[in-house]
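>>> pasted the sequence and its predicted model underneath.
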Amino acid sequence: CVTLDVQAACRDTTVTQELLKEGFHRDLLVKVELGEDAGECAVAAQIRLPPGIYVDPYELATLQQHNLTKAVLLPDVIDVEAPEYLARDVLLLLFLEPEARCSRCFCAAVPVHARYHRPARGTQEALVALHSPEVLL
């Protein structure tokens with residue numbers, strides 16, 4: 001990664017994230033298009049997951065055993081049964097794979113799960129704000 005002009009690669013970089021599927025069990029898709037070719041560099045997205053959603057560490061381990069994703073959770077022990085109001089933020093480092101049709105494009109998806117929120121009168125929805133990820137080269 002030494003020969004890459006990091007400033008040029010980061011200039012005009014586009015980052016998108018999308019939640020796929022409906023309900024409590026969804027997939028988080030992250031796409032990055034760099035300003036120029038990444039060369040031999042690895043590209044990762046650092047995502048802070050709010051207490052309302054989480055990645056199941058057991059499910060992640062299974063996906064990693066089958067080489068379907070590369071990711072690190074911090075902390076790596078997560079109470080998957082905890083409701084939103086008792087949970088904490090989780091940091092997800094998701095390594096992106098290069099796309100075949102575009103030398104500057106990388107993407108990865110990881111399953112995420114919604115947590116139960118406090119009961120509320122008159123509403124059936126809860127808002128979970130997902131902030132933009134940081135891109136690491």
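That came through fine.

>>> and the longest strand seen in the chain, how far out from the chain's middle?
The residue-count maximum for a strand in the chain (DSSP state E) belongs to strand 102-114. Centroid displacement of strand 102-114 relative to its chain, using Cα atoms, centre = their mean, to the nearest Å, is 7 Å.

>>> quick one: buried residues of it?
104, 105, 106, 107, 108, 109, 110, 111, 112, 114 (16 or more other Cβ atoms under 10 Å). Heads up, the C-betas are built off the backbone N, CA and C, glycines and all.

>>> mind putting these in TSV, distance to residue 90 and pLDDT included?
Shown next, in TSV, are the buried residues of strand 102-114 (distance: Cβ to Cβ, whole Å; pLDDT from 0 to 100):
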residue	distance to residue 90	pLDDT
104	29	89
105	26	92
106	22	95
107	21	96
108	16	96
109	17	96
110	12	96
111	13	96
112	10	96
114	13	93
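
>>> from those residues, which is closest to residue 98?
Lowest distance from residue 98 to the buried residues of strand 102-114 (Cβ to Cβ) belongs to residue 106, with 5.6 Å.

>>> next up, the contacts around the nearest residue to the closest one once chain neighbours are set aside.
By the measure of Cβ to Cβ, 6 or more residues apart in numbering, the closest residue to residue 106 outside its immediate chain neighbours is residue 96, 3.7 Å from it. Contact analysis of residue 96 by Cβ atoms under 8 Å, 6 or more residues apart in numbering lists 30, 32, 43, 44, 45, 106, 107, 108.

>>> farthest pair within those?
Checking the contacts of residue 96 with Cβ to Cβ, the most distant pair is 44 and 107, at 11.9 Å.
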